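Enquirer: Give me a model of this one.
(one chain, ligands or ions: 1)
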Amino acid sequence: MSLRLNPRAKALKVPGTRQFSNQLVNYPDAINLTIGQPDFPTPQSVKEAGIHAINNNLTGYSHNAGILNLRESINTFFSDKYGFSYDPINEIIVTNGAAEAIDSLFRTILEEGDEVILPAPIYTGYVPVIEFCGAKVVYLDTTETNFQPSAEKLAELITDKTKAVLFNYPSNPTGVVLTKETMDQLVEVLVNKDIYVITDEIYSENTFSGDHLSFASYPQLREKLFYIHGLSKSHSMTGWRIGFLMGPAEIMQHVLKVHLYNSICANLPAQYAAIEAVTNAKDTPEEMNVEYIKRRDFVYKRLVEIGLPVEKPNGAFYIFPSIQAYGLNSFDFATKLLQEGGVAVVPGSAFTPYGEGYIRISYAYGMPVLVEGMDRLEKFVQKLK
Ligand SMILES: Cc1ncc(COP(=O)(O)O)c(C=O)c1O
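Expert: Alright, predicted model coming up:
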């Protein structure tokens with residue numbers, strides 16, 4: 001057949017995270033440490049709010065930006081917690097997960113030939129979307145600075161083609177959070193430049209010590225900053241598909257058109273559930289964090305004992321040890337670990353070439369799974385020595 005496809009669609013690859021979890025069906029006894037979603041149920045009152053909406057026939061379309069009550073509740077949640085505010089009328093859009101916020105935003109702002117700077121290693125969901133828009137990704141290597149993006153390096157990477165810089169802290173895949181000092185320096189570099197700042201803070205509620213600092217709290221970035229969030233991680237609602245995008249009204253009116261042609265609105269019963277999540281159930285993440293901290297401490301301790309160099313994460317639910325000492329690339333290491341060691345992890349190379357030499361372990365699993373997983377990893381690593 002001679003009908004052509006969009007070559008950019010053809011060039012898209014299945015994310016490395018999926019490639020590995022897809023292999024798992026062939027290894028039914030493997031311990032799976034690949035998944036990026038909480039292992040807790042959605043809070044009961046949130047489920048009930050969704051059920052109540054369905055039972056009351058609140059099952060139609062909503063305003064394209066989402067129901068106003070939800071947008072108001074979102075603004076209250078973030079202003080109470082982080083001290084920044086967006087106008088619910090024209091600065092907040094409820095999206096189909098943060099994934100759709102990322103897509104709609106990039107499709108609104110990017111043109112052919114633009115450059116977008118990403119600190120790397122980084123989550124798999126940005127590069128394909130940026131490249132699909134005909135823009136180019138420029139990586140800011142963080143591997144030599146404890147996964148903290150250096151402001152100096154950022155300044156060096158900026159060209160007249162730079163359209164945006166995206167930050168994702170707490171980070172998927174490293175779990176690293178930024179110090180205030182680092183953030184101040186990054187903001188200093190960006191403040192007088194015509195460059196959009198995009199901050200995906202979907203893991204902000206899973207910060208384990210100290211308060212989360214948001215790029216949205218810097219008023220000097222207000223006119224060019226976009227804040228991405230959602231309930232997938234904070235409230236264990238990955239399947240409900242609720243994300244939030246906030247930004248300056250002037251640009252959000254255009255994002256809203258992209259969003260509405262893409263999906264009209266977010267799922268309405270899920271929007272009602274989301275109101276409950278950000279109001280009465282707003283403290284649920286704290287309860288999950290008690291567990292995550294125990295698991296993080298355990299996995300970190302075990303990795304140190306096993307001898308894998310690792311940065312102690314302070315957020316999200318991932319840890320990113322180095323496997324450089326074993327002479328295998330991360331894909332081969334992860335494949336062998338699955339086949340011979342019975343543990344599935346994600347090769348670091350899934351998170352851009354700067355993740356090469358590392359593996360991502362998710363600790364969104366119960367303790368018995370983590371204990372067994374770490375024991376198996378230890379045995380496997382000892383055999384490799
Ligand atoms: C950093 C980051 N942003 C966005 C997403 C997508 O989240 P959502 O389920 O809200 O689309 C994920 C999911 O893993 C993520 O890790």
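
Enquirer: tell me the domain ranges of this protein?
Expert: With domains defined by automatic domain parsing, the chain comprises 7-42+284-384, 58-278.

Enquirer: Quick one: end-to-end length of the shortest one, please.
Expert: Read that as domain 7-42+284-384. End-to-end distance for domain 7-42+284-384, by CA to CA, to the nearest Å: 41 Å.

Enquirer: Just the CA trace of stretch 217-235, in CSV.
Expert: Backbone C-alpha positions of stretch 217-235 (Å, rounded to 0.1, in the frame of the first residue of the first chain) are rendered in CSV as follows:
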residue,chain,number,x,y,z
SER,A,217,6.3,30.4,44.0
TYR,A,218,8.7,32.7,42.2
PRO,A,219,6.6,35.7,41.1
GLN,A,220,9.3,36.8,38.7
LEU,A,221,8.5,33.8,36.5
ARG,A,222,4.7,34.2,36.7
GLU,A,223,4.2,35.5,33.1
LYS,A,224,6.0,32.6,31.4
LEU,A,225,5.6,29.7,33.8
PHE,A,226,3.3,26.7,33.3
TYR,A,227,2.6,24.4,36.3
ILE,A,228,1.6,20.8,35.7
HIS,A,229,0.1,18.6,38.3
GLY,A,230,-2.5,15.9,38.7
LEU,A,231,-4.0,13.3,41.0
SER,A,232,-2.4,10.1,39.7
LYS,A,233,0.4,10.0,42.2
SER,A,234,-0.8,12.1,45.1
HIS,A,235,-4.2,10.3,45.4
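
Enquirer: Please say whether there is contact between that stretch and the ligand.
Expert: Yes - for stretch 217-235, a contact with the ligand is found by CB under 6 Å from any ligand atom, at G230, S232. For glycine as for every other residue, the C-beta is placed from the backbone atoms N, C-alpha and C.

Enquirer: Contacts only, for the closest residue to the ligand within the chain.
Expert: Closest residue of the chain to the ligand, CB to the nearest ligand atom: G97 (2.7 Å). Shown in contact with G97 (CB atoms under 8 Å, 6 or more residues apart in numbering): G230, S232, T238, R241, I242, G243.

Enquirer: For N96, see how far away the fifth one is.
Expert: For I242, the distance to N96 under the criterion CB to CB, to the nearest Å works out to 8 Å.

Enquirer: now do the last one
Expert: For G243, the distance to N96 equals 7 Å [CB to CB].

Enquirer: list residues touching both of the two?
Expert: What both G243 and N96 touch, as defined by CB under 8 Å, 6+ apart, is the set A266.

Enquirer: hmm, back to that, can you check which of the domains of the chain gets nearest to E48?
Expert: Ranking these by proximity to E48 (CB to CB) places domain 58-278 first, at 7.7 Å.

Enquirer: List the buried residues of stretch 44-53.
Expert: V46, A49, G50, A53 (16 or more other CB atoms under 10 Å).

Enquirer: And the strands in the protein?
Expert: Taking DSSP state E, the strands of the chain run over residues 31-32, 92-95, 115-120, 136-141, 162-167, 196-200, 225-230, 243-246, 318-319, 343-344, 346-347, 359-362.

Enquirer: can you list the residues that contact the last one?
Expert: With CB under 8 Å, 6+ apart as the test, strand 359-362 has contacts from 17, 33-36, 173, 299, 303, 317-321, 323, 330, 333-334, 337, 345-348, 350-351, 373.

Enquirer: Whether that strand contacts the ligand - can you check?
Expert: No - residues of strand 359-362 are not located near the ligand by CB under 6 Å from any ligand atom, the shortest gap being 10.0 Å.

Enquirer: neighbours around the closest residue to G113 other than its chain neighbours, how many?
Expert: Using CB to CB, 6 or more residues apart in numbering and skipping the chain neighbours, the partner closest in space to G113 is K161 (6.3 Å). Counted with other CB atoms under 10 Å, the neighbours of K161 add up to 13.

Enquirer: pLDDT value on K161, please?
Expert: The model reports K161 with a pLDDT of 98.

Enquirer: Might you report the residue contacts of it?
Expert: G113, D114, E115, K136.

Enquirer: what sits opposite the third one in the beta ladder?
Expert: I take that to be E115. K136, T162 (DSSP bridges).

Enquirer: That one touches G134, doesn't it?
Expert: No - if you go by CB atoms under 8 Å, E115 and G134 don't touch, sitting 11.4 Å apart.

Enquirer: quick one, which of the two is more surrounded?
Expert: Relative neighbour count places E115 above the other of E115 and G134, with 20 against 12, counting by other CB under 10 Å.

Enquirer: For the spatially closest residue to Y363 that is not a sequence neighbour, which residues are in contact?
Expert: Counting by CB to CB, 6+ apart, the nearest residue to Y363 once its immediate chain neighbours are dropped is R295, at 4.2 Å. Counting by CB under 8 Å, 6+ apart, R295 touches F317, Y363, Y365, M367, L370.

Enquirer: In contact with the closest residue to G315 other than its chain neighbours, which residues are there?
Expert: Leaving out its chain neighbours, the residue that sits closest to G315 by CB to CB, 6+ apart is P170, at 2.7 Å. Residues near P170 by CB under 8 Å, 6+ apart: V176, V177, E201, Y203, S204, N206, T207, H212, P313, N314, G315, A316.

Enquirer: Go ahead and confirm the fourth one touches K233.
Expert: Meaning Y203. Yes - counting by CB under 8 Å, K233 is a contact partner of Y203 at 5.6 Å.

Enquirer: Give me the common contacts of those two.
Expert: A316.

Enquirer: show me the residues around G83 that make contact.
Expert: Applying CB under 8 Å, 6+ apart, the residues near G83 are S217.
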